[in-house]
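Peer 1: When you get a sec, could you give me coordinates for this:
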Amino acid sequence: MLLACWGAMPAQAQERDPMLFHQQGGLTVRGHLQFGLNVVAERNLFWDLAATTNPGSGFDPDTNWLEAYIKPGLSFVYQLDAGSEFYGKLSAVSSYTLGTDAFDTGDTGASTLEEAYLGLRGRLGSGLSYDLSLGRRELTLGTGMLIANGATSGFERGALKFGPRKAWERAAIGRLSYANVTGTVFYLDPNELPSTDGENALAGIDLRYDDRGGGYLGMTYVDVLRSNSPYPQAAPGGVGAPTVTPGAREGTRTLGLYGRTPSFDGALENWVFTGEVALQRNDRIDLRAWAGRVTAGYTFAGLPWRPNVTLGYQTFSGDDPDTTTLERFDPLYYQGSPSAWATGSKSASTFINSNVNALSLAVQVKPTRQDTWTLRYAHIRANELNSPVQFGQATRVNVNGNVVSGVTEAHLADDLFVEYSRIINRNTFLTAGVSASFPGAAIDNVVSGSAAPWTGGFINVVVNY
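Peer 2: Residues are numbered from 1 along each chain as shown. Model (predicted):
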């Protein structure tokens with residue numbers, strides 16, 4: 001009914017911005033409002049591994065839940081006499097989960113401060129521009145491989161799937177741009193869950209060149225200045241429980257390179273290629289790790305619905321149990337959505353981007369400008385056997401009576417995900433999806449049998465002003 005009324009409104013009324021609160025004397029004040037509702041159903045969660053690895057937990061692998069959030073905010077921009085702008089934003093998030101979610105948490109939620117920052121931006125002449133800000137705000141660097149998700153949702157905060165929190169708890173960001181080149185320096189403190197706060201602090205620099213044809217080339221350097229977050233390391237030879245070192249993340253340095261091709265003419269028209277690589281070092285704990293990704297995408301521009309096919313491969317080093325060096329890659333604060341850096345659709349809830357690799361295929365069609373269908377497939381494998389795949393949670397006693405961690409076969413799972421997105425109007429978006437994860441030999445060996453597939457679905461609506 002509300003949508004029908006919206007469509008019947010006069011065009012002039014539709015064009016008026018209801019969130020523009022004030023615009024006079026160089027001062028512009030806007031309101032912001034975002035809210036969403038998500039219904040989720042999961043069956044045979046995590047391939048019901050808990051029945052084998054922790055049978056006394058009482059974990060129910062079948063569950064349904066409802067999650068919701070609301071995010072109101074207020075921002076301003078004030079034009080200074082010199083042509084610069086003084087700006088800022090304030091917002092909060094309230095979220096709740098009704099029922100029990102995938103991590104056995106539910107009927108809980110929280111209200112937290114989200115964004116709260118002030119900034120100054122302008123031009124210095126000779127083509128130079130600057131942007132300085134301080135406070136709680138979002139920041140994504142590069143493609144989101146290392147720095148993207150500055151806050152944690154779910155658990156005691158609710159709204160696990162939505163993940164409405166994105167802003168870093170403390171962020172000092174400085175940008176200097178000239179023509180197509182932008183340099184960013186940053187200091188970040190993530191907004192972690194109170195129950196698992198690792199007291200992390202990061203600093204670094206990002207340099208990026210953007211081509212007018214849509215391509216880019218960039219470099220990100222991140223140094224973990226402070227952290228209580230632990231790292232697991234495989235037991236010698238892979239036999240025994242992993243060693244967990246508290247505070248091991250402190251001092252980890254990561255250098256990442258990323259790029260995307262611009263628009264091609266001729267034989268390569270409609271092709272897009274991307275590449276990423278990251279190297280990690282921490283001399284204090286003898287860490288040597290790496291990760292990378294390549295993708296190739298083609299758009300059938302002359303066909304109805306403009307199908308796009310993208311083939312990709314991504315890999316993140318794991319710890320070799322036959323060396324004393326720690327080779328486990330730390331994914332830091334990556335963007336974990338299926339369209340970004342998730343390793344699989346369902347498997348991404350089980351395996352973080354460490355000691356895994358995935359061959360992926362995405363096929364997308366657009367029947368109309370408002371409707372998008374996407375099919376995603378991922379074949380997921382472990383890089384190192386008998387080594388922590390996530391964080392050592394699957395440590396167990398095998399049939400020979402030995403304590404082992406990780407998996408004894410490389411094939412972890414095959415994930416399928418079909419997603420439908422609908423732009424209802426310029427402020428309202430509907431997304432629905434169904435997915436299934438078919439366990440590989442690695443999972444079958446953990447349960448000493450043939451594990452059943454993990455299936456699920458969701459439907460959500462997000463309204464954004």
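Peer 1: Tell me who's in contact with the residue lying closest to residue 59 once chain neighbours are set aside.
Peer 2: Ranked by Cβ to Cβ, 6 or more residues apart in numbering and with sequence neighbours excluded, the top spatial neighbour of residue 59 is residue 50, at 4.0 Å. Just so you know, the C-beta spots here come from the backbone N, C-alpha and C atoms, and that holds for glycine as well. With contact set as Cβ atoms under 8 Å, 6 or more residues apart in numbering, residue 50 has these partners: 57, 59, 61.
Peer 1: Just read off the phi/psi values of residue 50.
Peer 2: Geometry field for residue 50 lists phi and psi as phi -60, psi -30, criterion degrees, to the nearest 10.
Peer 1: For it, give its distance to residue 454.
Peer 2: Between residue 50 and residue 454 the distance, using Cβ to Cβ, to the nearest Å, works out to 12 Å.
Peer 1: before we move on, what about residue 269?
Peer 2: Separation of residue 269 from residue 454 (Cβ to Cβ) stands at 40 Å.
Peer 1: more neighbours, the two?
Peer 2: Neighbours per residue (other Cβ atoms under 10 Å) separate residue 269 from residue 454, with residue 454 holding more: 27 against 11.
Peer 1: The more buried one pairs with what?
Peer 2: residue 437 (DSSP bridges).
Peer 1: for this protein, which strand is longest?
Peer 2: If each strand of the chain is counted by residues according to DSSP state E, the longest one is strand 106-125.
Peer 1: Give the rounded mean pLDDT of that one.
Peer 2: The pLDDT scores in strand 106-125 average 96.
Peer 1: Okay, now the sheet partners of that strand, with direction.
Peer 2: Partners of strand 106-125 in its sheet, by DSSP bridges: strand 85-100 (antiparallel), strand 128-137 (antiparallel).
Peer 1: so what's residue 138 up against?
Peer 2: 115, 150, 166, 167, 168.
Peer 1: do that again at 10 Å, thanks
Peer 2: Contact analysis of residue 138 by Cβ atoms under 10 Å, 6 or more residues apart in numbering lists 89, 114-115, 117, 148-151, 165-168, 171.
Peer 1: Of these, which is the nearest to residue 72?
Peer 2: residue 114 (9.5 Å; Cβ to Cβ).
Peer 1: show me what contacts the closest one?
Peer 2: By Cβ under 10 Å, 6+ apart, residue 114 lies in contact with 71-73, 89-94, 136-138, 151, 164-167, 169, 191.
Peer 1: ok, back up a step: any shared contact partners between residue 50 and residue 454?
Peer 2: The contact lists of residue 50 and residue 454 share residue 61, where a contact means Cβ under 10 Å, 6+ apart.
Peer 1: all helices for the stretch 301-450 of the chain, in order.
Peer 2: The residue ranges that make up the helices of the stretch 301-450 of the chain, judged by DSSP state H, counting those that start in this stretch, are 441-447.
Peer 1: Which positions within stretch 84-98 qualify as buried?
Peer 2: Applying a neighbour-count criterion of 16 or more other Cβ atoms under 10 Å, one finds 84-91, 93-98 buried in stretch 84-98.
Peer 1: Then stretch 269-288?
Peer 2: Neighbour counts using 16+ other Cβ under 10 Å place 272, 274, 276, 278, 279, 280, 282, 285, 287, 288 of stretch 269-288 among the buried residues.
Peer 1: Helix, strand or coil: sort out the fourth one for me.
Peer 2: What it means is residue 278. Under DSSP: H, G, I helix; E, B strand; the rest coil, the three-state class of residue 278 is strand.
Peer 1: For it, report the pLDDT, please.
Peer 2: According to the model, residue 278 carries a pLDDT of 98.
Peer 1: isn't residue 174 right up against residue 204?
Peer 2: No - when contacts are counted by Cβ atoms under 10 Å, residue 174 is not listed as touching residue 204 (11.8 Å).
Peer 1: re earlier: in PyMOL, how would I select the buried members of the contacts of residue 50?
Peer 2: Those of the contacts of residue 50 that count as buried under 16+ other Cβ under 10 Å are selected in PyMOL with:
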select buried, resi 59+61
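Peer 1: so what's residue 192 up against?
Peer 2: When contacts are counted by Cβ under 10 Å, 6+ apart, residue 192 is found next to 150, 151, 152, 169, 198, 199, 200, 229.
Peer 1: and with 7 Å instead?
Peer 2: Under the criterion of Cβ atoms under 7 Å, 6 or more residues apart in numbering, the neighbours of residue 192 are 152, 198.
Peer 1: Tell me how far it lies from residue 170.
Peer 2: Where residue 170 is concerned, residue 192 sits at a distance of 12 Å (Cβ to Cβ).
Peer 1: repeat for residue 262
Peer 2: 36 Å.
Peer 1: ditto for residue 269
Peer 2: For residue 269, the distance to residue 170 equals 45 Å [Cβ to Cβ].
Peer 1: And residue 126, by the same measure?
Peer 2: For residue 126 relative to residue 170 (Cβ to Cβ), the value is 33 Å.
Peer 1: Where does pLDDT dip in the chain?
Peer 2: Counting by pLDDT under 70, the chain contains low-confidence residues at 1-15, 391-404.
Peer 1: which residues in the stretch 301-450 of the chain form strands?
Peer 2: Ranges of strands in the stretch 301-450 of the chain, per DSSP state E, counting those that start in this stretch, are 308-316, 356-365, 371-382, 396-397, 403-404, 411-425, 428-439.
Peer 1: I'd like to know which of those strands is closest to residue 179.
Peer 2: Distances from residue 179 to each of the strands of the stretch 301-450 of the chain were compared using Cβ to Cβ; the minimum, 29.9 Å, belongs to strand 308-316.
Peer 1: strands paired with the closest one, and their directions?
Peer 2: Within its sheet, and counting by DSSP bridges, strand 308-316 is paired with strand 287-299 (antiparallel), strand 356-365 (antiparallel).
Peer 1: ok, residue 174 and residue 204, which is more surrounded?
Peer 2: Each of residue 174 and residue 204 has its neighbours counted (other Cβ under 10 Å); residue 204 has more, 22 against 16.
Peer 1: Doesn't the more buried one lie inside a helix?
Peer 2: No - Residue 204: not assigned to a helix; according to three-state DSSP it is strand.
Peer 1: ok, what's across the strand from the closest residue to it other than its chain neighbours?
Peer 2: In space, not counting the residues next to it along the chain, residue 204 is nearest to residue 222; the distance is 4.2 Å by Cβ to Cβ, 6+ apart. In this structure, residue 222 has beta-bridge partners residue 204, residue 254, where bridges are defined by DSSP bridges.
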